[in-house]
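Asks: need a 3D model of the sequence below.
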Amino acid sequence: MKRKIISLFTLFLTVLFSAAAFFGCNKETVRLDGDYVVITAADAEGGTTLLAYMQKLQEDGKLTFKVEDGMVTEIDGKKNAADFSSCWMLYTSDTNASNEAWGTVEYEEKVYGSAVLGAESLVIVKGETYIWWYQTF
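Replies: A predicted model of the protein is given here:
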């Protein structure tokens, strides 16, 4: 009887942890949240820039954006102000590609540093998070 209980308990834990791992790994690639666009590079290939990854997301219908003169000027219909008093700024969890001295943003109780490169130069890292925040200065 004791073996059956231990076996059932072990089976229960195995199913529970397997389900947690499965659902935990299937986060949305793009989450739109007001003035934030959160991109999680869960399926990025090595050497892919953020801009190339965003272009793939756009082709898949998960995101829309425009680039002018090397700068992201619009995401999902929200445009930078003509005088740049409000514009899209990039932050990341990748500490090798960010600098907190240049500014930070807090999102869901985590702090992200300002990206040191633009989207066309920033090589994304699988599993890291990239946040576009529409900021007003």
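Asks: CA atoms for contacts and neighbours, from now on please.
Replies: Fine.
Asks: SS state for K56?
Replies: Using DSSP: H, G, I helix; E, B strand; the rest coil, the structure places K56 in helix.
Asks: how much space separates it from E45?
Replies: Using C-alpha to C-alpha, to the nearest Å, we find K56 at a distance of 12 Å from E45.
Asks: the closest residue to L63 other than its chain neighbours: neighbour count?
Replies: Among residues not flanking L63 along the chain, L57 sits closest, at 5.7 Å (C-alpha to C-alpha, 6 or more residues apart in numbering). Counted with other C-alpha atoms under 10 Å, the neighbours of L57 add up to 17.
Asks: same question for V72.
Replies: V72 has 21 nearby residues by other C-alpha under 10 Å.
Asks: what strand or helix carries it?
Replies: strand 71-75 (DSSP states H and E).
Asks: OK, contacts around the residue most central in space within the chain?
Replies: The chain has I39 as the residue nearest its centroid, 2.5 Å off, counting by C-alpha atoms, centre = their mean. By C-alpha atoms under 8 Å, 6 or more residues apart in numbering, the residues touching I39 are 29-31, 129-131.
Asks: strands of the protein, start to end?
Replies: Along the chain, the segments classed as strands by DSSP state E run 30-33, 36-40, 65-68, 71-75, 78-79, 86-92, 98-107, 110-115, 129-136.
Asks: and the angle from the second one to strand 86-92?
Replies: Computed by axes from the mean of the first three to the mean of the last three C-alpha atoms, to 10 degrees, the angle separating strand 36-40 from strand 86-92 equals 30 degrees.
Asks: and if you look at the last one?
Replies: Counting by the same axes, to 10 degrees, strand 129-136 lies at 160 degrees to strand 86-92.
Asks: can you list the strands that strand 129-136 pairs with?
Replies: strand 36-40 (antiparallel), strand 86-92 (antiparallel) (DSSP bridges).
Asks: show residues contacting it.
Replies: By C-alpha under 8 Å, 6+ apart, strand 129-136 touches 35-41, 85-94.
Asks: just the buried ones from those?
Replies: Among the contacts of strand 129-136, the ones that count as buried by 16 or more other C-alpha atoms under 10 Å are 36-41, 87-94.
Asks: what separates T48 from L122, distance-wise?
Replies: Distance from T48 to L122, by C-alpha to C-alpha: 8 Å.
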